[in-house]
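**Student:** let me see the structure of the following:
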Amino acid sequence: MTPHTTHATRAARPARPVRVGPRAAAALVLVTLIGIAAFGWPLLADRQSGLAHSQDAPWLFAALLPLLVAVVIATIADSGMDSKAVAMLGVLAAVGAALRPLGAGTAGLEPMFFLMVLSGRVLGPGFGFVLGSVTMFASALLTGGVGPWMPFQMLALGWFSLGAGLLPGPERIRGRAELAMLAAYGFLGSFAYGTVMNLQGWVILQGMGQGVSFHPGDPVPQNLARFVAYCLATSVGWDLGRAALTVVLTLTLGGTLLRALRRATRKAAFDAPVSFDSGAGSDPGHPPRRVRPVTGGEFRGVGR
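**Tutor:** Numbers count the residues shown, from 1 in each chain. Just a heads-up that it's a prediction; the model follows:
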């Protein structure tokens, strides 16, 4: 029997290769809660606590790395990622890792951040978190930046990319308005990334002035004031360079890359379910045919 062609009405929103299932969501919540504790413990640690020794912090929280790996495994096992999504994850992570050395850390210039914004926007928050973490891990291997800070960087970039996937209006906001929103997010998110990472490095650096050093056991408002002074004195310039480059690249290259990513997800049809054409199997001599999606929402019969 000749396979028939049907047309399916497809939603306007972009297809997202990673659908966050229960196990992946639980892993994300767990690693986020532990990450918040890992970044924020200096503000709550007692002076007599073992955690008050800044040199112990990197080793204590290096356990975050296996948890980040667990998020990736749970996302794959939860039917949120198939071979096409894994392939796209690998390609984008490789591109992001290759972009990082281009800035060479000069003045905080890190071009991979604009790719994380656009990828998270098109491919969703679950994919964004995994992509951000894997990209940072790959770039650390590429640049020799492996150390106790790496799990914190993976967490921070994962959150950065996840946030882009949670931005409103993927079905309604397009064109210049969307680019402006993504550029604004990239600008603010770049500062947020730098600020969060400062919490990890703040307790390690010793011998700074009394107005910027971390004092274990001091009241939270006093340590927060010192932390703000530390950020203003040490990282604002670097964060500004990262934010400015992210804005420029998003506004100049964002439209082209958004269209390319959306075209790729439509062609791959990651979130389209596979069904069977019962009519094709009505003839005993012909087995049922699988129906696979193709570009533009059209479905065609494919033999076994």
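
**Student:** state which helix of the protein is the longest.
**Tutor:** Counting by DSSP state H, the longest helix found in the chain is helix 236-268.

**Student:** in it, what's buried?
**Tutor:** Residues of helix 236-268 classed as buried by neighbour count (16 or more other CB atoms under 10 Å): 238-247, 249-251, 254-255, 257-258, 261-262, 264-266, 268. (C-beta placed from N, C-alpha, C; glycine too.)

**Student:** same question for stretch 89-108.
**Tutor:** Buried, per 16+ other CB under 10 Å, within stretch 89-108: 89, 92-93, 96-97, 99-100, 103, 108.

**Student:** let me see the mean pLDDT of that stretch.
**Tutor:** The pLDDT scores in stretch 89-108 average 82.

**Student:** and the contacts of that stretch?
**Tutor:** Applying CB atoms under 8 Å, 6 or more residues apart in numbering, the contact partners of stretch 89-108 are 17, 81, 109-112, 115-116, 119, 127, 130-131, 134-135, 138-139, 141-143, 194, 237-242, 245.

**Student:** that older thread, can I get the buried residues of stretch 89-108 in CSV including distance to Trp159 and secondary structure?
**Tutor:** Listed next are those as CSV, based on distance: CB to CB, whole Å; DSSP: H, G, I helix; E, B strand; the rest coil:
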residue, distance to Trp159, secondary structure
Leu89, 17, helix
Leu92, 17, helix
Ala93, 16, helix
Gly96, 15, helix
Ala97, 18, helix
Leu99, 19, helix
Arg100, 17, helix
Gly103, 21, helix
Gly108, 18, helix
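
**Student:** let me know the secondary structure of Ala26.
**Tutor:** At Ala26 the chain is in helix, as set by DSSP: H, G, I helix; E, B strand; the rest coil.

**Student:** distance-wise, check it relative to Ala183.
**Tutor:** With the distance defined as CB to CB, to the nearest Å, Ala26 ends up 33 Å from Ala183.

**Student:** swap in Ser190?
**Tutor:** Look at Ser190 and Ala183: by CB to CB, they are 11 Å apart.

**Student:** including distance to Gly40, could the buried residues of stretch 89-108 go into TSV?
**Tutor:** Output for these, formatted as TSV (distance: CB to CB, whole Å):
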residue	distance to Gly40
Leu89	29
Leu92	30
Ala93	28
Gly96	27
Ala97	28
Leu99	30
Arg100	26
Gly103	28
Gly108	23
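
**Student:** of those residues, closest to Pro168?
**Tutor:** Nearest to Pro168, judged by CB to CB, of these is Leu92 at 22.9 Å.

**Student:** now the helices for the stretch 51-200 of the chain?
**Tutor:** Here the stretch 51-200 of the chain has its helices, by DSSP state H, counting those that start in this stretch, at 57-60, 64-75, 83-103, 112-123, 125-143, 150-165, 175-202.

**Student:** and the angle from the longest one to helix 236-268?
**Tutor:** Right, helix 175-202. 130 degrees (axes from the mean of the first three to the mean of the last three CA atoms, to 10 degrees).

**Student:** same deal with the third one?
**Tutor:** Note on geometry: by the same axes, to 10 degrees, helix 83-103 and helix 236-268 are set 150 degrees apart in direction.

**Student:** what is the nearest of the buried residues of stretch 89-108 to Pro170?
**Tutor:** Nearest member of the buried residues of stretch 89-108 to Pro170, counting by CB to CB, is Leu92, at 17.9 Å.

**Student:** now do that closest one against Thr252, distance only.
**Tutor:** Noted for Leu92: a distance of 19 Å to Thr252, by CB to CB.

**Student:** also Cys231?
**Tutor:** Distance from Cys231 to Thr252, counting by CB to CB: 29 Å.

**Student:** same check on Ala177?
**Tutor:** To Thr252, Ala177 is 16 Å away according to CB to CB.

**Student:** ditto for Pro151
**Tutor:** Using CB to CB, Pro151 is found at 33 Å from Thr252.

**Student:** surely Thr265 touches Val122?
**Tutor:** Yes: using CB atoms under 8 Å, Thr265 is in contact with Val122, at 6.5 Å.

**Student:** can you tell me the closest non-neighbouring residue to Thr196?
**Tutor:** Just to correct that, residue 196 is Val rather than Thr. Excluding its sequence neighbours, the residue lying closest to Val196 (CB to CB, 6 or more residues apart in numbering) is Ala156, at 5.0 Å.

**Student:** list the contacts of the one you found.
**Tutor:** Ala156 is in contact with 193, 196-197, counting by CB under 8 Å, 6+ apart.
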